[in-house]
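Novice: got a predicted model here, sequence first, then my questions.
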Amino acid sequence: MRIAQIITQFPPNITAGLGRYIEEITPHLAARHRLAVFTLNDGRLPVHERNGGVTVYRPMSRVLGALGRRRRLNRTRGTDVVLLVLTVVTSNWRYFLRLWRAGRDGRPDLVAVHDSTNFLAGLLCHHVLRLPVVLHVHTTEYGVHRGRSDLAGAVFAAIERWLARVARRVIVPTPEVREQLAASGWDRASIDVVCLGGTFERLLATGGARDGLRAGGKALRARLGIPAGDPVLLFVGRLERQKGIYQLLEAMRPIAAAVPGLRLVIVGEGDHSGVRRIVAQSGLDGRVLDSGGWVDRQELLEYYEMADVCVFPSLFEPFGLVATEAMAMARPTILGHGFSKVFLGDPDRPAVRFVRADEPGDISRTVIEVMTDPDLRRALAERGERLVRERLSWARAADETHAVYKAALRPVVSDR
């Protein structure tokens, strides 16, 4: 099967979970399909490339490329959002032109469109090129998420629904997202749930990897000035309301009082100035440490290795690869109620602890309980690692995705 993947990130341009998703699943899909990836160019990458047997096309815009080379776009900054939207729309038009010029014999059998940000290419592939389209919904925060009711949210919701109507199938990462979409008027029968895999599974499958990570974690702790015996609470994610960072910071005063020497370490990009202001006003200087932005894969692994407990109090999370990352690293993990219950495992022997992400008191109570109970930490670590290893693999995710693609190519039966 010839498949065109239209996605905003592809290695080495990885800036969020979407990039890690496509990085992990591509080798499995490429083993059985001819893949072409249409993706963004940060201004420094080749326009055409063969990457691990995959054809990659990254159109270059001189103006937007020149601006993008100066800094990595951060969608939490207003000017960057505008620039990112312009880049995506312009690139989508070029994807379509490339497929149109390829002619019927050179076009793919199926186009996989990832998220509504790539709406232009998806709609043109369907309406103009008459190609079967599968819509991957990785995030619905701009459309279906009920916390957003402004004009931009309404526009994205309309675009999402339009794409869903023209798509042969819709793939979502959790049952909760499927229910959310169905409640918003989407056709439940066209939606397939394919849970994502456990990040780092290829790396952690090699026996010697953990020894190097332990040394890296100790070195990172020393660089941050954290004494060897002091506990570390780790947050990874964008610094914005959806991820629960402000509620976590509000919860930190009672946590710091109850757990001597504890440091909250924050890894991510976004509202760094707001975080610093809250830390200063709360008297938490020295108890909250900030990575200063996005970190690369190896350094992120070292942050996880250094952590005693991980906390991700998201109010809304379509899947949340950070959960699989922490659990795969056998780190006790606390999740906000916005995460899927697929991470819970056996309710009688839960693999994670859930909290009400909009209640700082619930966050602080749970963090204190986990931090002060070694047996609980050990149990969560063991159950979490086992759940990711046994139930959340990229090979399984690729097999299920392949089945959806095959279903999308079956002849459409008219009701008339």
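Specialist: Looks like it came in fine.
Novice: pop the domain breakdown of this structure in here.
Specialist: As given by automatic domain parsing, the domain ranges for the chain are 2-197+394-408, 201-391.
Novice: the first one: how far from the chain's middle?
Specialist: Read that as domain 2-197+394-408. Distance of domain 2-197+394-408 from its chain centroid, counting by CA atoms, centre = their mean, to the nearest Å, is 13 Å.
Novice: measure that domain end to end?
Specialist: Domain 2-197+394-408 has an end-to-end distance of 13 Å (CA to CA, to the nearest Å).
Novice: the lengthiest helix in the chain packs against which elements?
Specialist: If you go by DSSP state H, the chain has its longest helix at helix 78-101. Secondary-structure packing of helix 78-101 (3 or more CB pairs under 8 Å, 6 or more residues apart in numbering; DSSP states H and E): strand 2-6, strand 34-38, helix 62-70, helix 119-127. (Each C-beta comes from the backbone N, C-alpha and C, glycine too.)
Novice: picking up where we left off before, need the domains of the chain in TSV (columns: mean pLDDT and mean neighbour count).
Specialist: Converted to TSV, the domains of the chain look like this (pLDDT from 0 to 100; neighbours: other CB atoms under 10 Å):
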stretch	mean pLDDT	mean neighbour count
domain 2-197+394-408	86	18
domain 201-391	92	19
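Novice: re the thing from before, got the CA coordinates for the longest helix of the chain in PDB?
Specialist: Taking C-alpha atoms only, helix 78-101 is exported to PDB below (Å, rounded to 0.1, in the frame of the first residue of the first chain):
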ATOM      1  CA  GLY A  78       1.100  34.800  20.000                       C
ATOM      2  CA  THR A  79       3.400  35.800  17.200                       C
ATOM      3  CA  ASP A  80       4.800  32.300  16.900                       C
ATOM      4  CA  VAL A  81       1.200  30.900  16.500                       C
ATOM      5  CA  VAL A  82       0.600  33.200  13.600                       C
ATOM      6  CA  LEU A  83       3.900  32.300  12.000                       C
ATOM      7  CA  LEU A  84       3.200  28.600  12.500                       C
ATOM      8  CA  VAL A  85      -0.300  28.800  11.000                       C
ATOM      9  CA  LEU A  86       1.100  30.600   7.900                       C
ATOM     10  CA  THR A  87       3.800  27.900   7.600                       C
ATOM     11  CA  VAL A  88       1.400  25.000   7.900                       C
ATOM     12  CA  VAL A  89      -1.100  26.500   5.400                       C
ATOM     13  CA  THR A  90       1.600  27.400   2.900                       C
ATOM     14  CA  SER A  91       3.200  23.900   3.200                       C
ATOM     15  CA  ASN A  92      -0.200  22.200   2.900                       C
ATOM     16  CA  TRP A  93      -0.800  23.900  -0.400                       C
ATOM     17  CA  ARG A  94       2.600  22.700  -1.600                       C
ATOM     18  CA  TYR A  95       1.900  19.200  -0.500                       C
ATOM     19  CA  PHE A  96      -1.300  19.200  -2.600                       C
ATOM     20  CA  LEU A  97       0.600  20.600  -5.600                       C
ATOM     21  CA  ARG A  98       3.200  17.900  -5.400                       C
ATOM     22  CA  LEU A  99       0.500  15.200  -5.300                       C
ATOM     23  CA  TRP A 100      -1.500  16.800  -8.100                       C
ATOM     24  CA  ARG A 101       1.600  17.000 -10.400                       C
END
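Novice: need the next SSE after it, C-terminal direction.
Specialist: Going down the chain from helix 78-101, the next helix or strand is helix 103-106, by DSSP states H and E.
Novice: partner strands of the helix or strand following that next one, parallel or antiparallel?
Specialist: Under the assignment DSSP H and E, the closest C-terminal helix or strand after helix 103-106 is strand 110-114. Partner strands for strand 110-114, per DSSP bridges, with pairing direction: strand 2-6 (parallel), strand 133-136 (parallel).
Novice: contacting residues around the longest one?
Specialist: Taking contacts as CB atoms under 8 Å, 6 or more residues apart in numbering, the residues outside strand 2-6 that touch it are 22, 26, 29, 33-39, 92, 95, 99, 107-114, 118, 121-122, 125, 405.
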